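Novice: Here is a sequence with its predicted model. Questions after.
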Amino acid sequence: MITTFPGFNNLVHDSQSTFRILLDALSRPGTINQVTAQLTAPSGLNLACAAACLTLLDLETQVWLQPELDRSVQNWLLFHTGCRFTKETNKADFAVIWNMDRMPNLSEFKQGTPVYPEDSTTLLIDVGADNARANNRSPLLKGAGINEEITMPIDLPDSFWQQWQQNYNSYPLGIDIYFFTENKVIGLPRTSCKTNQ
């Protein structure tokens, strides 16, 4: 099963290009960034999220996988990255989430410390193609890396934004998020907040 999905077609080029795209996504919140890496992802991961996992995870990282994610995902990540897995959200460096309706509260993930605020969980969330589009209800974002305001191009529930406001208020502590759909990624760093509408 693992060898059916060999990872990046071009390891060096694809990992470097994906890393640059992920950096751009967090430095320019709310923008849609296209992942150009070529690979075949296991069931449960779209291409962009799989590319991010291969780029960000390594022997030193602890990963929380949302329950019920296909077992082949864990096997594939272990084979290609050597990462470790944890069942405790507050110990995870990264969390891979495939269903936002069933994800834990944002406050349950590792928040960092005053000395090491970067020691927090980064969420990798598959939002699905249907949610990755702006509509009349799409909120506006403001914060670092945003020129005045930008429309968040993902349809997210009000309950998420309530939690996110708490996350924003905790700065410099808090989590950062990548949202993935097919071959695209959108970053939401802890420095961004939803404007009132």
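Specialist: That came in fine, so what should we check first?
Novice: what residues does the helix or strand hosting residue 16 touch?
Specialist: In the assignment (DSSP states H and E), residue 16 maps to helix 11-27. Defining contact as C-beta atoms under 8 Å, 6 or more residues apart in numbering, one finds that helix 11-27 is touched by 8, 31, 33-39, 51-52, 54-56, 145, 176, 178, 185-187, 189. In this view, the C-beta of every residue, glycine as well, is placed from N, C-alpha and C.
Novice: Repeat that for stretch 82-91.
Specialist: Residues contacting stretch 82-91 (C-beta under 8 Å, 6+ apart): 57-59, 61-65, 74, 77-78, 92, 94-95, 104, 108-110, 121.
Novice: Check the separation of the first and last residues in that stretch.
Specialist: End-to-end span of stretch 82-91 (C-alpha to C-alpha, to the nearest Å): 17 Å.
Novice: next one: stretch 52-60
Specialist: Stretch 52-60: ends 16 Å apart by C-alpha to C-alpha.
Novice: Any chance you could list what contacts that stretch?
Specialist: Here stretch 52-60 has contacts from 7-8, 14-15, 18-19, 22, 35, 37, 39, 45, 63, 77, 80-84, 94, 96, 122, 124, 178, 180, 185, using C-beta under 8 Å, 6+ apart.
Novice: average model confidence for it?
Specialist: Stretch 52-60 carries an average pLDDT of 97.
Novice: In a helix, residue 52, correct?
Specialist: Yes - according to DSSP: H, G, I helix; E, B strand; the rest coil, residue 52 belongs to a helix.
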